[in-house]
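J.: please work out how this folds:
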Amino acid sequence: MVFELKYADKLNQTSSLLKQAVAKIQSRNYGDTLFKRQILWRLAMVFCAESRKLAEVQAVSAP
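T.: Below you'll find the model as predicted:
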């Protein structure tokens, strides 16, 4: 599993931070190693301090 976790102070920041997390996973090819797995989960997530929960979660497909 690959996780990219972002932290937001306010709920209105979560959408843009989720986009940043997805872009980072894709641009850095996280999870692409010599030892390929049949199933590899890449998850972009944003924790929000205001709501005190994971406000956004998105599965990211391999490039």
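J.: who's in contact with the residue most central in space within the chain?
T.: The residue lying closest to the centre of the chain (C-alpha atoms, centre = their mean) is residue 44, at 1.2 Å. Residues near residue 44 by C-beta atoms under 8 Å, 6 or more residues apart in numbering: 4, 6, 18, 21-22, 24-25, 56-58, 60. For glycine as for every other residue, the C-beta is placed from the backbone atoms N, C-alpha and C.
J.: for it, give me the pLDDT.
T.: On pLDDT, residue 44 comes in at 97.
J.: what's the helix or strand for it?
T.: Taking DSSP states H and E as the definition, residue 44 sits inside strand 42-48.
J.: for residue 4, same thing?
T.: strand 2-8.
J.: hmm, who's touching the helix or strand following that strand?
T.: Using DSSP H and E, the helix or strand that follows strand 2-8 in sequence is helix 14-28. Outside helix 14-28, the residues that touch it by C-beta under 8 Å, 6+ apart are 2, 4-8, 30-31, 42, 44-46, 48, 55-56, 58, 60, 63.
J.: what about helix 14-28, average pLDDT?
T.: Average pLDDT, helix 14-28: 95.
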